[in-house]
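Colleague: Turn this into a model:
(one chain, ligands or ions: 2)
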Amino acid sequence: MSVNNYDAILLSSFGGPEGQEDVIPFLKNVTRGRGIPEERLEEVAHHYRHYGGVSPINEQNRQLKAALEAELERRAIDLPVYWGNRNWDPYFNDAVREAHANGDNRLLGLVTSAYTSYSGADQYREDFERCLAETDLANVVSIDRVREFFDHPGFITPLVEGVRDGVAELTAAGAQNIRLVFVTHSIPNTAADASGPAFGPGGAYVAQHNAAAQLITEQAAPDLPWDLVYQSRSGDPRTPWLEPDINDAIDELNAADANAQTDAIVIVPFGFVSDHMEVVWDLDNEALESAERNGLKAVRVPTPGIHPAFVTGLIDLVMERVNETPDSERPALSPLGPWPDHARVGAGAIADATPVSTTA
Ligand SMILES: CC1=C(CCC(=O)O)c2cc3nc(cc4[nH]c(cc5[nH]c(cc1n2)c(C)c5CCC(=O)O)c(CCC(=O)O)c4C)C(CCC(=O)O)=C3C
Ligand SMILES: [Fe+2]
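Modeller: Numbering: from 1, shown residues only. Ligands and ions are numbered 1, 2, ... in the order given. Purely as a prediction, here's the structure:
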């Protein structure tokens, strides 16, 4: 099927180092202009160094790109996929230059982030704007963006499956009182509040996470208690970030409710779409260790990765833009959705912004 409103998909991600010599330049890219304390950079560098300076994220995006291409081919949809990152090679500038060189100028961004926050939404927009400015293509290339998919069935289904499997595994190992621990990236309270002020404290960021956690619980294990906790905080320790931290929450589990007698936890890393460094280090090392220290059985659910339901769902999200599907027909499992589309960046936006008076 040829597609008349887009030329290509721009798979847009974070990027990660792929060798020891990349680690510091990568971290400098991530934190440019943002006053992350030196000690924090050293600490984070150590996580990457431990794995040979290689983050799994780029390989996961190569696999995701291949899986998206296979799904497009299976559905006979004629859209090439370009891949660009915010913080490491291949950068957005290279991906967009390559697309333009091939005559692909109307791009649909598919961002590997399910929720609304500065990092997951506004910053990608800024990156797209800067990319078009730096490549001098702002009048030629346009970039739209697929909506946040925190309550899309393609994102929820793999997590539901993971929770069911996790519960079954813990039950088989003798667990009596299982708790689901939903974990996502902490962000500064002010950033959370600003992510959608209409949602009150915590903004859209926290509201979307609560909605997704509730959905996953209802579908996977409706009788189990669940918590929303946070990981990977950084920044100045005096600045308030979303809490509790997952490790503190695990330490406090039975202290907080002496009757609960929780003996096992299912850690659900639903803030991320692949098992990248923040998952393997902060959860598989630290959080699982916290569980063990507290005598709790624990399993960590896989992120969606390249689960077939996720890959199909991402292409469905692309096709709702191609088909200009009305909101009322867009799949969304929570009352918050379907989340609205983002404004176009680049050629189309400039045309849209042309004051009517100049053409009248
Ligand atoms: C909300 C959110 C997401 C999810 C949405 C999205 O996907 O965007 C996310 C994703 C990711 N964050 C990642 C890595 C890092 N994040 C950092 C720093 C920060 N993240 C923040 C928030 C988020 N981050 C914030 C508020 C900071 C502090 C300061 C700043 O605003 O920069 C730092 C700097 C050191 C540190 O402070 O920890 C690193 C190295 C990786 C790659 C992992 C890999 O390499 O496999 C990924 C996918
Ligand atoms: Fe981050």
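Colleague: Can you tell me which residues in the protein are near ligand 1?
Modeller: Residues of the chain lying close to ligand 1 (CB under 6 Å from any ligand atom) are 14, 16, 27, 30-31, 34, 36, 40, 44, 55, 57, 113, 117, 119-120, 185, 187, 232, 234-235, 276-278. All C-beta atoms are positioned from the backbone trio N, CA, C, and that covers glycine.
Colleague: Select from those every entry located in strands.
Modeller: Those of the residues of the chain next to ligand 1 mapping onto strands are residue 185, per DSSP state E.
Colleague: Emit the ChimeraX select command for whichever of the residues of the chain next to ligand 1 are buried.
Modeller: One line in ChimeraX is enough to select the buried ones among the residues of the chain next to ligand 1; burial here means 16 or more other CB atoms under 10 Å:
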select :14,16,27,30,31,36,40,44,55,57,113,117,119,120,185,187,232,234,235,276,277,278
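Colleague: Report the central residue of this protein.
Modeller: residue 113 (2.6 Å; CA atoms, centre = their mean).
Colleague: Ramachandran angles for it?
Modeller: For residue 113, the backbone dihedrals are phi -150, psi 130 (criterion: degrees, to the nearest 10).
Colleague: swap in residue 17?
Modeller: Backbone geometry at residue 17, expressed as degrees, to the nearest 10, gives phi -70, psi 150.
Colleague: The residue lying closest to it once chain neighbours are set aside - how many residues pack around it?
Modeller: The spatially closest residue to residue 17, leaving aside those adjacent along the chain, is residue 26, at 4.2 Å (CB to CB, 6 or more residues apart in numbering). Neighbour count for residue 26, taken as other CB atoms under 10 Å: 25.
Colleague: and the residue lying closest to residue 22 once chain neighbours are set aside, how far is that from residue 107?
Modeller: Setting aside the residues directly before and after it, residue 22 is nearest to residue 53 in space (CB to CB, 6+ apart), at 6.2 Å. Distance of residue 53 to residue 107, given as CB to CB, to the nearest Å: 31 Å.
Colleague: which of these two has more neighbours?
Modeller: residue 107 (29 against 18).
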